[in-house]
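Q: Predicted coordinates and the sequence they were generated for:
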There are 2 protein chains.
Amino acid sequence: MPRKKLELSAAEWEIMNVIWDAGTPLTVREVMDRRYPKDEKAYTTVQTLMNILVDKGMLRRGKQGIANTYSPAVKRDAVLDASMSTVARRMFSGSFGAMATYLVHANKLSEEDIAALRALLDREEERHG
Amino acid sequence: MPRKKLELSAAEWEIMNVIWDAGTPLTVREVMDRRYPKDEKAYTTVQTLMNILVDKGMLRRGKQGIANTYSPAVKRDAVLDASMSTVARRMFSGSFGAMATYLVHANKLSEEDIAALRALLDREEERHG
DNA sequence: GACATTCTCCTAAGACTATCGTAGGTTGCT
DNA sequence: AGCAACCTACGATAGTCTTAGGAGAATGTC
């Protein structure tokens, strides 16, 4: 049975990001070309990882000629939500507010980031009354 | 040799949080009492984890009678910075701004969180001119 | 002194991750 | 038909994470 946990390792994130960005199904070769053009990882390593991602229910396998193709089986936002919840739980006692505070407080945001964030907050407030 | 990477696994975060919160050196038993009062983990498991944390340079070992005591060797903020940078790199193409946007956009913040965040932004802006 | 308790230290199994090699199938060119 | 290029499937290895048991030292109690 497919596993349920919507969590990804570092290497898995790299690959999922390529595939989410692509918008169309990709082969192992295409992921290689885009993400590891200098063979930073072996072809078979990427292949193995992508097969694991199928097992995890993250990717869906298709066929294009002889080659397997892979497309997302879950939305990036869903994985993002699950992963960020885990981060919040581990590092901020479960509080997303504390995480936001950290970002501002720890000087992680540029001037532009701050301006954009403020604008976003204004818009949100308006939307919700 | 001590390792350098300022990264923690899930179980390691649990323990480090207890010790950072305490403010004083703690024994394995004390960590057990505070975090696993119902023996959710075996004593020796916690002990092993704490020894690993010493190896990683996260904890410093002391003595209190026969028992070892453990205190933080690194500041929580330093580990938070390193870990959040990793998260940003993996999940938000390295952008903390994108992470902040996500928090607001994905409805992860309560009314209070948003108000507090806005106040914080105001104060920051004032501080920097 | 004997016994229970409480430590420490050492060891290790099981799962997951990351890495890659090898064997063998398809395709297409000459 | 033969060969190179490319693909898949499978297996092997090493490392980390999580968990915990067992041996043996120190301490407290009777």
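A: Structure's in. What do you need? Numbers count the residues shown, from 1 in each chain, chains lettered A, B, ... in the order given.
Q: Is chain B within reach of the helix or strand of chain A with the lowest mean pLDDT?
A: In chain A, no helix or strand scores lower on mean pLDDT, DSSP states H and E than helix A:111-128, which sits at a mean of 86. Yes - judged by CB under 8 Å from any CB of the partner chain, helix A:111-128 comes into contact with chain B at A:Glu112, A:Asp113, A:Ile114, A:Ala116, A:Leu117, A:Arg118, A:Leu120, A:Leu121, A:Glu124, A:Glu125. No exception for glycine: its C-beta is placed from N, CA and C like everyone else's.
Q: any idea which of those residues is closest to chain B?
A: A:Asp113 (3.3 Å; CB to the nearest CB).
Q: Test my guess that the closest one contacts B:Met99.
A: No - A:Asp113 lies out of contact with B:Met99 (CB atoms under 8 Å); the separation is 9.4 Å.
Q: And the two? Which one has more around it.
A: Higher neighbour count among A:Asp113 and B:Met99: B:Met99, with 23 against 19, using other CB atoms under 10 Å in any protein chain shown.
Q: Spit out the contact partners of that one.
A: By CB atoms under 8 Å, 6 or more residues apart in numbering or on different chains, the contact set of B:Met99 is A:Leu103, B:Val87, B:Ala88, B:Met91, B:Phe92.
Q: Let me see the contact set for A:Cys10.
A: That one is not Cys; residue A:10 is Ala. Contacts of A:Ala10 by CB under 8 Å, 6+ apart are B:Thr86, B:Arg90.
Q: Quick check: it vs A:Arg60, distance?
A: For A:Ala10, the distance to A:Arg60 equals 22 Å [CB to CB, to the nearest Å].
Q: Pull up the residues of chain A that are close to DNA strand C.
A: A:7, A:9-12, A:41-42, A:44-45, A:47-49, A:52, A:65-66 (CB under 7 Å from any atom of the strand).
Q: Those residues of chain A touching chain B, which are they?
A: Near chain B, when you scan chain A using CB under 8 Å from any CB, you find A:10, A:13-14, A:17, A:77, A:80-81, A:83-84, A:87-88, A:90-91, A:93, A:95-97, A:99-106, A:108-110, A:112-114, A:116-118, A:120-121, A:124-125.
Q: Show only the entries of the residues you listed found in helices.
A: Of the positions in the residues of chain A next to chain B, A:10, A:13-14, A:17, A:77, A:80-81, A:83-84, A:87-88, A:90-91, A:96-97, A:99-105, A:112-114, A:116-118, A:120-121, A:124-125 sit in helices, assigned by DSSP state H.
Q: Which residues are in contact with A:Val87?
A: A:Met99, B:Met84, B:Val87.
Q: ok, the last one to B:Asp77 distance?
A: Distance of B:Val87 to B:Asp77, computed by CB to CB: 15 Å.
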